[in-house]
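need a structure here:
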Amino acid sequence: MPRFAVREIRSKSIINRVQGMPFNWSINPYRGCRHACVYCYARPTHEYLGLGGGQEFEEVIFAKINAPEQVRVELSRRGWPGETVVIGTATDPYQQAESRYLLTRGILEAFRDFRNPVSITTKSPMVLRDLDLLSELAISAEATVCLTVTTLDERLWRLIEPTTAKPKKRLEAISSLVDRGVRAGVLLSPILPGLTDDEGHLEEVIAAAAGHGAQFVSSNTLRLGPGISEFYLPFIEREFPKLRKAYRDLYRGNYAPGFYTETIQKRVEDLREKHRISGERRPIKPAMAPRDQQLALFQAA
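Predicted coordinates for the structure are as follows:
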């Protein structure tokens with residue numbers, strides 16, 4: 001993959017209000033992501049900058065160099081509610097550029113000083129670099145780290161997340177975080193139809209999460225849509241051509257239909273119960289038998 005470039009920008013605001021999520025506030029210190037995950041739902045955001053969501057999303061990274069100081073300004077405002085802020089909702093706050101810019105570390109220093117709860121979503125064990133700050137936050141406010149683990153199959157991992165750390169390294173990071181009092185767990189997301197949605201794949205991740213002391217496992221199924229489908233579906237046609245028709249039948253819109261997501265969520269819930277690990281989703285009734293039969297499109301491919 002060609003060398004990536006980082007463009008430095010300054011943002012007028014850093015803490016963003018979000019809707020339709022289980023949290024109200026988010027921060028993304030970077031735009032674009034070097035991880036190059038084939039399923040990334042943030043790819044369309046580069047189009048707002050006049051860039052493509054494919055190769056340019058992976059190679060042209062924007063670093064919000066004033067993020068740490070701007071966070072302090074916003075946390076100090078009289079109307080700030082002191083709620084949990086999630087770092088890394090769109091692009092990874094510990095992607096490769098962080099080793100140079102230290103923006104995420106600067107942001108965490110601000111949260112520590114203001115004793116404001118924070119949650120981080122990442123695929124990188126680089127989060128352990130900031131274990132000192134996170135352990136302090138865990139005492140004075142609250143700190144949660146979600147390590148995304150999509151699969152433990154190394155062949156598949158190299159195809160779908162080509163420049164990320166090995167999944168086993170992410171699991172090892174969870175053990176280190178928990179040992180220091182930081183709430184940590186696995187985000188099993190996205191669950192990819194026909195690739196990682198079978199019970200064997202799911203149980204391998206959930207069992208490994210439990211074995212590394214993860215305090216929770218949450219999950220989401222794949223979302224497609226404009227700017228994502230154009231990148232992900234050609235990948236499926238190229239690498240897994242037998243799944244092409246199944247995807248076309250399942251994704252008539254941006255989301256897989258309810259029968260599929262409910263069945264997968266129930267499968268995950270059962271595995272969490274089996275391995276005695278908590279999750280954020282409530283048990284969901286299994287799909288009806290005729291709909292279950294449609295899942296065989298993927299299992300047989």
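
lowest-scoring secondary structure element of the protein by mean pLDDT?
helix 289-299 (a mean of 42; mean pLDDT, DSSP states H and E).

helices or strands up against the lengthiest helix in the chain?
The single longest helix within the chain, with elements called by DSSP state H, is helix 258-274. Contact analysis of helix 258-274 by 3 or more Cβ pairs under 8 Å, 6 or more residues apart in numbering; DSSP states H and E lists strand 183-191, helix 199-211, strand 217-221, helix 289-299 as its packing neighbours. From N, CA and C alone the C-beta is placed, and that goes for glycine too.

just these: most buried one?
Mean neighbours per residue, mean count of other Cβ atoms under 10 Å, is largest over the helices and strands packed on helix 258-274 for strand 183-191, with a mean of 24.

and Val60, how far is that from Leu271?
Distance, Val60 to Leu271, using Cβ to Cβ, to the nearest Å: 39 Å.

neighbour count winner among these two?
Neighbour count, other Cβ atoms under 10 Å: between Val60 and Leu271, Leu271 has more, with 22 against 17.

and the pLDDT at the closest residue to the more buried one other than its chain neighbours?
Once flanking residues are discounted, Leu271 sits nearest to Ile206: 4.7 Å by Cβ to Cβ, 6 or more residues apart in numbering. Confidence at Ile206, expressed as pLDDT, is 98.

check whether Ile206 really touches Asp270, as I assumed.
No. Judged on Cβ atoms under 8 Å, Ile206 makes no contact with Asp270 at a distance of 9.8 Å.

helix, strand or coil for Arg7?
strand (DSSP: H, G, I helix; E, B strand; the rest coil).

tally of neighbours for it?
The local packing of Arg7 (other Cβ under 10 Å) involves 12 other residues.

shouldn't it be in contact with Val60?
Yes. Shown here, Arg7 and Val60 form a contact pair, counting by Cβ under 8 Å, at 6.6 Å.

where do the contact lists of these two overlap?
By Cβ atoms under 8 Å, 6 or more residues apart in numbering, Arg7 and Val60 have no common neighbours.

list the contacts for the residue nearest to Leu271?
Contacts for Ile206 (Cβ under 8 Å, 6+ apart) come out as Val186, Leu188, Val217, Val268, Leu271, Arg272, His275, Ile277.

show me where pLDDT drops low in the stretch 201-301 of the chain?
280-301 (pLDDT under 70).

let me know the closest of the contacts of Ile206 to Ala143.
Val186 (16.3 Å; Cβ to Cβ).

hang on, that closest one packs against Gln215?
No. Using Cβ under 8 Å as the test, Val186 is too far from Gln215 to be in contact (9.4 Å).
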